[in-house]
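A.B. asks: Structure for this input, please:
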Amino acid sequence: MRFDREDKSLIADWWFTVDRVLLAAILVLMGVGVIVSLAASPAVADSKGLEAFYFVKRHVVIVLAGALLMVTLSLQSPRMIRRIALVTFLVSIAAMVYILVAGEAVNGARRWGRVMGMSLQPSELAKPAFIVLAAWAFAEWERRRDMPALPIAITLYVCFVGLLALQPDVGQSFLVTVVWAALFLLSGLSFFWVAGLVALTAAGLVVAYFALPYVAARIDVFLSADAAATSQVARAYESFRIGGLFGRGPGEGTIKTVLPDAHTDFIFAVIAEEYGVIACLALLALYGLIVFRALVLAIKAQDLSVRYAASGLALLIGLQAIINMGVNVGLLPAKGMTLPFISAGGSSLIAVSLTFGMMLSLTRREGVRLPDEAAHRVDIGQFDHGAYSK
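C.D. replies: Just a heads-up that it's a prediction; the model follows:
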């Protein structure tokens with residue numbers, strides 16, 4: 001299919017404005033996830049008494065649906081992305097409240113609900129929406145100090161992280177806090193605020209250690225050499241030694257047969273054993289390319305809310321990948337956080353598709369797009385600020 005620059009259709013406009021390097025890198029990441037799923041998932045399915053390629057088929061179906069969602073979102077204007085983020089955030093928050101009140105506890109946590117027979121984690125979908133809304137609020141605070149945008153940003157954070165803490169989900173709370181603080185930093189906060197945020201985060205981690213037994217247990221195992229020797233993290237780390245530079249070969253690994261979360265939390269260890277450290281470094285470089293490219297494009301944005309939102313979404317993906325990889329190589333305590341587009345899962349894959357779709361929309365080139373309506377106007381209810389830029 002070929003497009004002419006004189007073509008003013010929505011698809012042609014998208015093709016000439018979307019960043020193709022970023023799009024190609026994301027599509028490669030999706031393909032890598034499918035390939036790795038073929039290696040990691042059959043053993044887990046067998047241990048659960050399921051058909052060998054159950055998780056593989058599920059992964060492919062969700063990735064295809066996620067790709068459609070991603071492209072659809074990338075066609076939208078920044079104003080429409082903010083509207084979608086608002087609706088997604090409100091629905092996700094309502095779902096989180098419902099699950100806390102009426103949902104079933106799984107391993108002591110209330111994070112998942114059932115929708116049409118499928119497990120759904122609303123907090124995953126809320127993350128990218130929260131980042132976009134917080135970015136808008138911080139941008140408005142920087143542009144107009146007479147507008148109560150900073151209280152809006154703080155309220156969004158308190159509501160979201162408060163619900164995450166009640167689930168409880170310490171890892172996601174930490175991730176969201178770091179990205180939110182980065183946006184706060186971009187908007188020009190003082191050293192006083194930086195010190196306060198650092199102290200608040202540290203206090204939260206201390207409270208989580210003493211209040212949540214599973215958090216204390218994971219940290220104790222991480223810090224204790226004797227206990228860590230037989231832990232899942234230790235076994236995952238061992239896969240890097242066994243795999244060496246080039247791995248044992250696709251399907252030849254054994255770590256996936258002893259780790260219950262080999263297809264999700266510890267899939268990076270499966271890659272290390274079967275494809276080698278070189279493959280792991282290549283995957284790390286791919287994430288680095290995506291994050292770096294998105295940040296470079298974000299810096300070029302003229303609209304502050306677009307700049308902050310694209311930067312925040314890039315940091316969200318990058319930090320989540322670093323945390324997952326850090327756990328697998330023994331640098332961080334065990335945490336149930338997936339590797340974007342690589343780990344199996346329903347909510348996480350859809351959430352990552354949502355994140356990348358918004359990122360692709362916000363990083364599209366300016367000056368080539370179809371004109372937007374309602375320039376230089378602020379409407380908190382509709383998030384209509386600014387001309388159609390990026």
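
A.B. asks: all contacts plus neighbour counts: C-alpha atoms, from now on.
C.D. replies: Fine.

A.B. asks: Within the helices and strands, which one has the nearest residue to residue 188 once chain neighbours are set aside?
C.D. replies: Closest residue to residue 188 apart from its sequence neighbours, by C-alpha to C-alpha, 6 or more residues apart in numbering: residue 142 at 7.7 Å. Secondary structure from DSSP states H and E places residue 142 in helix 122-143.

A.B. asks: Check which helices and strands the helix or strand following that helix sits against.
C.D. replies: Next in sequence after helix 122-143, counting helices and strands by DSSP H and E, comes helix 149-166. Applying 3 or more C-alpha pairs under 8 Å, 6 or more residues apart in numbering; DSSP states H and E, one finds that helix 149-166 makes contact with helix 78-102, helix 122-143, helix 170-186.

A.B. asks: now those helices in a markdown table, with mean neighbour count and distance to residue 245?
C.D. replies: Formatted as a markdown table, the helices and strands packed on helix 149-166 follow (neighbours: other C-alpha atoms under 10 Å; distance: least, C-alpha to C-alpha, whole Å):
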| stretch | mean neighbour count | distance to residue 245 |
| --- | --- | --- |
| helix 78-102 | 19 | 42 |
| helix 122-143 | 25 | 34 |
| helix 170-186 | 20 | 30 |
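
A.B. asks: on that earlier part again, quick check, the residue nearest to residue 188 in contact with residue 185.
C.D. replies: No. Using C-alpha atoms under 8 Å as the test, residue 142 is too far from residue 185 to be in contact (11.3 Å).

A.B. asks: Spell out which residues are contacts of both of these two.
C.D. replies: Counting by C-alpha atoms under 8 Å, 6 or more residues apart in numbering, residue 142 and residue 185 have no contacts in common.

A.B. asks: Quick check: residue 277 touching residue 246?
C.D. replies: Yes. Using C-alpha under 8 Å, residue 277 is in contact with residue 246, at 6.4 Å.

A.B. asks: Between those two, tell me which one has more neighbours.
C.D. replies: residue 277 (22 against 15; other C-alpha atoms under 10 Å).

A.B. asks: if we can go back for a sec, dump the helices and strands packed on helix 149-166 into a markdown table; add distance to residue 197 and mean pLDDT as well.
C.D. replies: Converted to a markdown table, these look like this (distance: least, C-alpha to C-alpha, whole Å; pLDDT from 0 to 100):
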| stretch | distance to residue 197 | mean pLDDT |
| --- | --- | --- |
| helix 78-102 | 23 | 94 |
| helix 122-143 | 16 | 94 |
| helix 170-186 | 7 | 90 |
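
A.B. asks: can you tell me the average pLDDT over the helix or strand residue 30 falls within?
C.D. replies: If you go by DSSP H and E, residue 30 is part of helix 20-47. Per-residue pLDDT values across helix 20-47 average out to 90.

A.B. asks: cool, stretch 59-77 as well?
C.D. replies: On average, stretch 59-77 scores 95.

A.B. asks: can you check stretch 305-318 too?
C.D. replies: In the prediction, stretch 305-318 has an average pLDDT of 96.

A.B. asks: Now do it: distance to the chain's middle.
C.D. replies: 11 Å (C-alpha atoms, centre = their mean, to the nearest Å).

A.B. asks: What residue, apart from its backbone neighbours, is nearest residue 335 spatially?
C.D. replies: Nearest non-adjacent residue to residue 335 (C-alpha to C-alpha, 6+ apart): residue 171, at 6.4 Å.

A.B. asks: Contacts only, for the one you found.
C.D. replies: Per C-alpha under 8 Å, 6+ apart, neighbours of residue 171: 335-337.

A.B. asks: Select, out of the helices and strands packed on helix 149-166, the one closest to residue 32.
C.D. replies: helix 122-143 (21.5 Å; C-alpha to C-alpha).

A.B. asks: Just give me the residue closest to the centre of the protein.
C.D. replies: residue 317 (4.5 Å; C-alpha atoms, centre = their mean).

A.B. asks: So that residue sits against residue 291, correct?
C.D. replies: Yes. Residue 317 is within contact range of residue 291, at 7.4 Å (criterion: C-alpha under 8 Å).

A.B. asks: could you pull out the helices for the stretch 201-350 of the chain?
C.D. replies: Assigned by DSSP state H, counting those that start in this stretch, the helices in the stretch 201-350 of the chain fall at 213-223, 225-228, 232-243, 267-275, 277-299, 304-328, 347-362.

A.B. asks: of all these, which lies closest to residue 126?
C.D. replies: helix 347-362 (8.1 Å).

A.B. asks: Residue 100 reaches residue 167, doesn't it?
C.D. replies: Yes. Residue 100 is in contact with residue 167 according to C-alpha under 8 Å; the separation is 6.8 Å.
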